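> Sequence and computational prediction follow.
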There are 2 protein chains.
Amino acid sequence: MSAATYYPQLSPRFSQVVAAARGRRIAIVGHARPDGDCIGSQVALARVFETLGIESVCVNPDPVPRRLLFLTPGMAFRRTDDILPVARDYTAIFVDCADGARGGDRLRQAFPAPLAMVDHHLSNVGFAAHNLLDTTSAATCEMLAGMFLDNGLTIDAQAAQALYTGILTDTGQFRFASTSRRCFLLAADLLALGARPSEAGYQLYERETPGKLMLLQRYLASLQFECGGRLCIGTLPPGIFEETGSTLEDTEGLVDYARAMDGVDVGVLIEERTDGTVKASLRAKNPAYRLDLIAGEFNGGGHACAAGLNLKKDTAGFYDRLVAAIARQMAVVDAQGPARA
Amino acid sequence: MSAATYYPQLSPRFSQVVAAARGRRIAIVGHARPDGDCIGSQVALARVFETLGIESVCVNPDPVPRRLLFLTPGMAFRRTDDILPVARDYTAIFVDCADGARGGDRLRQAFPAPLAMVDHHLSNVGFAAHNLLDTTSAATCEMLAGMFLDNGLTIDAQAAQALYTGILTDTGQFRFASTSRRCFLLAADLLALGARPSEAGYQLYERETPGKLMLLQRYLASLQFECGGRLCIGTLPPGIFEETGSTLEDTEGLVDYARAMDGVDVGVLIEERTDGTVKASLRAKNPAYRLDLIAGEFNGGGHACAAGLNLKKDTAGFYDRLVAAIARQMAVVDAQGPARA
């Protein structure tokens, strides 16, 4: 085990959260379309709470994705409808949520006064009694792992695997700019506690379906270049999931193919829904592009390098408006000097 | 810096190699179609030698791949033809070569008595005066990094980045079964010495070309399932590189798409060449499939989970013979019990 202190500022504050949680029933609230960092954070916090005798339940508006089910055996995951009738019996801790509405308006209203939130998103301005925010962290799981270790709390093998998975997925397999020495030291610690990288890799990246590969082929064929080749956008038309035998979950990772093109600074995935709404995922190679702000123009949010949006109305001309917004930010970046050091 | 001793057995022997190398000119020999672990090992060893006043040159039968050029600024890389006339002036150290012929027959003959070899391949039986072999290591770069650190040698930022890159690529981005706690501890140490994960990730995985994506689309469309869905094979027909505007290098990583299918135990990429020869890359999710032995049946070799072969004659019926060989090994594995614990 490392003797490092990972979060000298936050770890004492986490200890206060634990003290405040004792004797209460805790709802550990995640966000819509939960990812590895969200589910990993929920599983790990719930298991650590269990060792402390704190009863908890994990709550999400959407189900645990198929490829993350390996993290949740024996864990109590509830949907919004399950928790609303009994919400007043629970005290909420939000994890990996940039704001109180990331779990949907109904969960926000059900838990108007969260005890704490643990998060790493740039746009988070705090919405709980205890706001544990660290935007230098690659993952909420990184923060939790560090704070658990700093406080000498018990991390069992399932919690270690959950925390490792959150770090793995939110660093893009240790590849994004947020990947720090601390990520690797924590990964080493988590392996010593029972995390299994090959099992996580297998469950996350080696259980593809023929439908997913069909969807990938269609996405690749749809790629268009804008802004002189610096922006690459692929579009999934309405009805493509039925057509290819794929699911909404299968879109995960597609946008990285656009981002990964040589010369491309920003990659985009646009999903056009049969109900007329539009969803977009934005990924940049450099945080200077501030995709959180661009997504914000369309009522979305996220990180500087990874953001998303859901447009429910005024979707006409969305493609062109998005290209224009990104082109404007590219001009800002260019005026500031070279984007890549 | 970690206080760990990474290779208690090998590090003293590496120190002997360094002592024997002093006062000589060293040829650091890699293998054909060099990968990140090969080039990374060569760069790192050459730079450490330079700090020790040992002159060296890196030698490969093939050029440094485009996406690995970020590791080699200022480094002396030579091809086989360059070194043959002056080979007798050099003492050879082979890195990442399972045997002395991995750099081609001409390099083997040019250096009949290598001073040392550093390698991690299962099939390596030793072919140098000092055989530094560790098959528990995920990468030759992992071994070198550990032995450098254990011996207190100076690793500059370029060497750190080279070593990090070898660990990154040979673990499949920290995903293969070989990914150990030692890999993560070394990665943390290398970051402290100047390795930059996001730069490595960018150079390796975010500089794709339209030709590469075309090749990927064609490979995905070619996938066929054998052995009741446990074997997935994709084939690139002769002339496809010209057709798609891609290069030989662009085949890297394709086979992982076949391996990554749910229910698939073994993925294969077959390249049919215009000259009638055939190349195949084999990848398994579990080392029980012993792909090194299967490749060996076709004059190839490698690791238990990742092997390759080049068939120059008797290529008729290769597909069926390969399927039969893999089916036989699957039957052996099945008889031994569940492949996945």
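Yes, it's here.

> what about the longest helix in chain A?
In chain A, assigned by DSSP state H, the helix with the most residues is helix A:318-336.

> Show me what it is packed against.
Here helix A:318-336 touches strand A:224-226, strand A:231-236, strand A:266-272, strand A:278-284, helix A:291-296, going by 3 or more Cβ pairs under 8 Å, 6 or more residues apart in numbering or on different chains; DSSP states H and E. C-beta coordinates here come from the backbone N, C-alpha and C atoms, glycine included.

> let's go with 7 Å and repeat that
Packing partners of helix A:318-336 (3 or more Cβ pairs under 7 Å, 6 or more residues apart in numbering or on different chains; DSSP states H and E): strand A:266-272, helix A:291-296.

> which is the next helix or strand following the helix or strand hosting A:Ala92?
Assessed by DSSP states H and E, A:Ala92 sits inside strand A:91-95. The helix or strand immediately downstream of strand A:91-95 is helix A:105-110, counting by DSSP H and E.

> other SSEs contacting the helix or strand just after that next one?
Once helix A:105-110 ends, the next helix or strand along the chain (criterion: DSSP H and E) is strand A:116-119. Using 3+ Cβ pairs under 7 Å, 6+ apart, the elements in contact with strand A:116-119 are strand A:91-95, strand A:130-133, helix A:140-150.

> Return the distance of the last one from the chain's centre.
In terms of Cα atoms, centre = their mean, to the nearest Å, the gap separating the centre of helix A:140-150 from the centre of its chain is 16 Å.

> Between strand A:91-95 and it, find me the angle.
110 degrees (axes from the mean of the first three to the mean of the last three Cα atoms, to 10 degrees).

> For whichever helix or strand comes after helix A:140-150, list every residue counted as buried.
Later in the chain than helix A:140-150, the nearest helix or strand by DSSP H and E is helix A:157-170. Within helix A:157-170, the residues scored as buried using 16 or more other Cβ atoms under 10 Å in any protein chain shown are A:158-170.

> what's in contact with the helix or strand bottoming out on mean pLDDT in chain A?
In chain A, no helix or strand scores lower on mean pLDDT, DSSP states H and E than strand A:301-302, which sits at a mean of 85. Contact partners of strand A:301-302, identified using Cβ atoms under 7 Å, 6 or more residues apart in numbering or on different chains, comprise A:Ala98, A:His121, A:Ser123, A:Leu291, A:Asp292, A:Ala295, A:Ala307, A:Gly308.

> how about a cut-off of 6 Å?
A:Ala98, A:Ser123, A:Asp292, A:Ala295, A:Gly308 (Cβ atoms under 6 Å, 6 or more residues apart in numbering or on different chains).

> In the stretch 201-341 of chain A, which residue sits closest to chain B?
Here the stretch 201-341 of chain A gets closest to chain B at one residue, A:Gly201, 3.3 Å apart by Cβ to the nearest Cβ.

> on that earlier part again, listing partners with orientation, what would you give for the least confident helix or strand of chain A?
Using DSSP bridges, strand A:301-302 pairs in its sheet with strand A:306-311 (antiparallel).

> now the partner strand, how far from the centre of its chain.
Here the centre of strand A:306-311 is set off from its chain's centre by 12 Å, with Cα atoms, centre = their mean.

> just stretch A:147-156 next, same as before
Distance of stretch A:147-156 from the chain centroid (Cα atoms, centre = their mean) equals 22 Å.

> what does chain A have sitting close to chain B?
A:173-175, A:177, A:179, A:181, A:184-185, A:187-188, A:191-192, A:197-198, A:201, A:205-209, A:213, A:217, A:220, A:260-262 (Cβ under 6 Å from any Cβ of the partner chain).

> quick check: angle from the longest helix of chain A to strand A:266-272?
170 degrees.

> Which positions in helix A:318-336 come out as buried?
Here helix A:318-336 shows A:Phe318, A:Tyr319, A:Leu322, A:Val323, A:Ala325, A:Ile326, A:Ala327, A:Gln329, A:Met330, A:Val333 as buried, counting by 16+ other Cβ under 10 Å.

> And stretch A:309-318, by the same measure?
By 16+ other Cβ under 10 Å, the buried positions in stretch A:309-318 come out as A:Leu309, A:Asn310, A:Leu311, A:Phe318.

> Can you give the contact residues for that stretch?
Contacts to stretch A:309-318, defined as Cβ under 6 Å, 6+ apart, come from residues A:Thr277, A:Val278, A:Lys279, A:Ala280, A:Ala295, A:Phe298, A:Gly300.
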